[in-house]
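S.K.: Here is the input, now give the coordinates:
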Amino acid sequence: MKGFRPIQDISGGTYTGKVQTFAVAAAHASLLAVGDLVRITGTARAIDGMAEVDAATAAQTLTGPIVGIDFDMSNLEQKGLIAGKAGTVKVATDPMILMEATASTTVALADVGANADIVATAATQSGGLVNSNMTVNTTSPAAATAQIRIEGLKDGDTSSGATIFCRINESTSSAVGV
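M.R.: Next up, the predicted model:
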């Protein structure tokens, strides 16, 4: 399963489920799924002033992973937030949460402690399931600044598609402007 899933606080405490609700403008261009990383857009919804987010791309500062998508009363069967449809999402905004994510390629034990950008592949829908396809770009992690910090490897697995432990390294909560 791809995408970014909060699992615990960086200090070792359990993830408590704290989220912030954000609006998503109808102009967003891709299907959004639980596990997708988003970025605050720097604008707000006109009706209530709620801050808006959209899917993050490589090299952008990150607000956090989507952990919930509010349902659409006009289409209760819809999973995810389809492109071109306004809605609201729940986002884990704490940059110190530890997340599980999938490595895009093989990952080395020496990559722990390095930083990497994301591979921001749009979510897909198959039948009634919507899946996040975002991964950590493990092609060439480096000590240089990048979006995600690799904190560990689950079960020491270094294979392509391995589960890694990571956190947000470049956060909109600590950036100047968006």
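S.K.: Residue 37 reaches residue 118, doesn't it?
M.R.: Yes: Residue 37 lies in contact with residue 118 (CB atoms under 8 Å); the separation is 6.1 Å. From N, CA and C alone the C-beta is placed, and that goes for glycine too.
S.K.: Contacts only, for the most centrally placed residue in the chain.
M.R.: With distances taken as CA atoms, centre = their mean, the residue of the chain nearest its centroid is residue 37 (2.1 Å). By CB atoms under 8 Å, 6 or more residues apart in numbering, the contact set of residue 37 is 4, 55-56, 62-66, 118, 120, 134.
S.K.: Can you work out which residues contact both of residue 37 and residue 118?
M.R.: In contact with both residue 37 and residue 118: 56, 62, 134, using CB under 8 Å, 6+ apart.
S.K.: Name only those of the residues you listed that count as buried.
M.R.: 56, 62, 134 (16 or more other CB atoms under 10 Å).
S.K.: quick revisit: look up which residues are beta-bridged to the residue nearest to the centre of the chain.
M.R.: residue 65 (DSSP bridges).
S.K.: quick one: it from residue 127, how far?
M.R.: According to CB to CB, to the nearest Å, residue 37 stands 24 Å off from residue 127.
S.K.: Distance check, the residue nearest to the centre of the chain against residue 105.
M.R.: Taking CB to CB, one finds residue 37 at 18 Å from residue 105.
S.K.: repeat for residue 30
M.R.: Counting by CB to CB - residue 30 and residue 105 are separated by 23 Å.
S.K.: The two: which has the busier surroundings?
M.R.: The neighbour comparison of residue 30 against residue 105 (other CB atoms under 10 Å) goes to residue 30, with 18 against 15.
S.K.: Can you name the residues that contact the more buried one?
M.R.: Residue 30 neighbours (CB under 8 Å, 6+ apart): 55, 83, 122-123.
S.K.: Export these to a markdown table and append columns for secondary structure, distance to residue 110 and pLDDT.
M.R.: Compiled in a markdown table, the contacts of residue 30 are given as follows (DSSP: H, G, I helix; E, B strand; the rest coil; distance: CB to CB, whole Å; pLDDT from 0 to 100):
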| residue | secondary structure | distance to residue 110 | pLDDT |
| --- | --- | --- | --- |
| 55 | strand | 30 | 97 |
| 83 | coil | 39 | 93 |
| 122 | coil | 31 | 96 |
| 123 | coil | 31 | 96 |
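S.K.: Looking at the residues you listed, spot the one nearest residue 168.
M.R.: Here the nearest of the contacts of residue 30 to residue 168, counting by CB to CB, is residue 55; it sits at 15.0 Å.
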